[in-house]
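Q: Just a sequence and a predicted model for now, questions to come.
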Amino acid sequence: QVQLVESGGGLVQPGGSLRLSCAASGFTLGYYAIGWFRQAPGKEREGVSCSSSSDGSTYYADSVKGRFTISRDNAKNTIYLQMNSLKPDDTAVYYCARRTSRLCRVGEYDYWGQGTQVTVSS
């Protein structure tokens, strides 16, 4: 049974940092690209980042480039999203999702986690 479980969200002040984790089970992480998404209240879901498993390529939305870093530990079957210099606009529920390919630019997302809330506020 494929499962993705996010953790690490919480309340943080502007300028602070959080590291989100996405624990995968039921499949081998090293065979799939994994993406991070977020959705704020009243807004559409936004793609934040993606990590390809075959060539190590990573992708970031312009809104987070230079502040967020995606990484993976295939041995632990876990994907991380390090978020630095957080802004109130980063407040959202963050989700990880599995792609049907090893590459972020190929395929589609087929499994999603339940999400973790990130709130950036003073």
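A: Structure's in. What do you need?

Q: got a list of what the spatially most central residue of the chain touches?
A: Nearest to the mean C-alpha position of the chain, by Cα atoms, centre = their mean, lies Trp36 at 2.6 Å. Counting by Cβ atoms under 8 Å, 6 or more residues apart in numbering, Trp36 touches 20, 22, 47-50, 70, 79, 81, 94-97. To be clear about C-beta, it is placed using only N, CA and C from the backbone, and glycine gets the same treatment.

Q: Show me which of the residues you listed are buried.
A: 20, 22, 47-50, 70, 79, 81, 94-97 (16 or more other Cβ atoms under 10 Å).

Q: Name the strands paired with the helix or strand where the residue nearest to the centre of the chain lies and say parallel or antiparallel.
A: Here Trp36, judged by DSSP states H and E, is contained in strand 34-39. Partners of strand 34-39 in the sheet, by DSSP bridges, are strand 46-51 (antiparallel), strand 92-99 (antiparallel).

Q: And the next helix or strand past the longest one?
A: Next in sequence after strand 92-99, counting helices and strands by DSSP H and E, comes strand 109-112.

Q: Show me what that following strand is packed up against.
A: Judged by 3 or more Cβ pairs under 8 Å, 6 or more residues apart in numbering; DSSP states H and E, strand 109-112 is in contact with strand 3-7, strand 92-99.

Q: can you list contacts of the longest one?
A: Outside of strand 92-99, the residues that reach it under the criterion Cβ under 8 Å, 6+ apart are 2, 4, 6, 9, 20, 22, 24, 27, 32-40, 43, 45-46, 48, 50, 79, 81, 106-118.

Q: next one: the shortest one
A: Outside of strand 3-7, the residues within contact range by Cβ under 8 Å, 6+ apart are 20-26, 94-98, 111-116.

Q: Now do the buried residues in stretch 51-71.
A: So stretch 51-71, judged by 16+ other Cβ under 10 Å, has buried residues Ser51, Ser52, Ser53, Thr58, Tyr59, Tyr60, Val64, Phe68, Ile70.

Q: and if you look at stretch 107-121?
A: Tyr109, Tyr111, Gly113, Gly115, Thr116, Val118, Val120.

Q: could I get those residues as a markdown table with distance to Asp89 and pLDDT?
A: Shown next, in a markdown table, are these (distance: Cβ to Cβ, whole Å; pLDDT from 0 to 100):
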| residue | distance to Asp89 | pLDDT |
| --- | --- | --- |
| Tyr109 | 23 | 96 |
| Tyr111 | 27 | 97 |
| Gly113 | 22 | 97 |
| Gly115 | 18 | 97 |
| Thr116 | 17 | 98 |
| Val118 | 11 | 98 |
| Val120 | 8 | 98 |
